[in-house]
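Trainee: quick one, structure for this:
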Amino acid sequence: MLPDTPHPVATGGAFRRGLMAMLVLAAALPVSLVYAQTHTVQTGDTLSTIAEQYGVSAETLARANGIDDPDRIFAGQVLTIGDGGPAVAPPTERVHVVVAGETLSSIADDYGFTLAALLERNGLEDADYIYEGQELSLPMSHYAPAPLSRAETEWILRAAANEFGVDQSLILGLAWLESGWNQSMTSHVGAVGVMQLMAPTAEWGLEYLAPDATNWRTSTEDNVRLGTAVFAHMLAQADWDVELALAFYYQGWRSIEINGMFEDTYQYIENVLSLASEFR
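Mentor: Next up, the predicted model:
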């Protein structure tokens, strides 16, 4: 993503691309991952069929809802499907990709651990030598937050959407496609967290859009707020064209201005919109 103010760009008309393999993501996701963990009983439902749908046992479902007789549920009844489980699974390793202008000391400060710990973790002897594109392994204990439940992560996403005036379902879908709502995710190019923020974009967003979201690398709330603020800015610069704003977020406006939209950008837009429809 690039934070520059974009010029108007033609989208090439209606999106005519067929649904590609990634587009089936929404349909393939377990319902328990896509929706908040409740189920409204429909006519014909049984406790067993509902439990099977969500991948839990009928006994667990009955216990979670204080149901003594599993044969007695009624249409319109709202059932809790567990607590939603963790939104993320802590990774076995996390890396930081060095960008221009960074030093080992600044990277250590950003993540909240000592320079010595970073040097030891990576077997480095010279604290003054790193290079752009270098991958550094980060000590797990210093940055991995306690996993949030899916319900907690969804609440954070919806609150950020409200704060910055963006459609909630759109932010939910965008964040799911970017990371699966996983704050512990770091891409091979160094994009971080739920909203997969790159360091230059995050730094620009901190200066102009959400200056208090300083813990965006480690905090789900800060990462979501900062990423949503950036997307809201892109939406405004795209003159509220949602598809174009999504293209800016994925490909960058300057790349689109020079190269037009790539094929995978069209796929990305369709995938986000498909996921967003599942959250409405």
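
Trainee: do me a favour and average the pLDDT over stretch 176-184.
Mentor: Mean pLDDT, computed over stretch 176-184, is 88.

Trainee: distance between it and the chain's centre?
Mentor: 3 Å (Cα atoms, centre = their mean, to the nearest Å).

Trainee: with stretch 212-219 instead?
Mentor: So, by Cα atoms, centre = their mean, the centroid of stretch 212-219 is 14 Å from its chain's centroid.

Trainee: if you count neighbours, what's buried in it?
Mentor: 213, 216-219 (16 or more other Cβ atoms under 10 Å). Placement of C-beta: from N, CA and C, glycine included.

Trainee: now, the most widely separated pair of those?
Mentor: Ala213 and Thr218 (11.3 Å; Cβ to Cβ).

Trainee: quick revisit: and of the buried residues of stretch 212-219, the nearest to Thr265?
Mentor: Trp216 (24.2 Å).

Trainee: quick one, what contacts that closest one?
Mentor: 192-193, 197, 202, 206, 222-223, 226-227 (Cβ atoms under 8 Å, 6 or more residues apart in numbering).

Trainee: which residues touch the host helix or strand of Ala108?
Mentor: Assigned by DSSP states H and E, Ala108 belongs to helix 104-111. Helix 104-111 is contacted by residues 96, 98, 114-115, 117-119, 124, 127-128, 130, 136, 138, 142-143, 217-218 when judged by Cβ under 8 Å, 6+ apart.

Trainee: after that helix, next one along is what?
Mentor: In N-to-C order, the element after helix 104-111 by DSSP H and E is helix 115-122.

Trainee: could you list the residues in contact with that next one?
Mentor: 104-105, 107-108, 124-125, 127, 136-139, 142.

Trainee: give the pairing partners of the helix or strand just after that helix; include direction for each.
Mentor: Using DSSP H and E, the helix or strand that follows helix 115-122 towards the C-terminus is strand 135-138. Counting by DSSP bridges, the strands paired with strand 135-138 are strand 94-97 (antiparallel).
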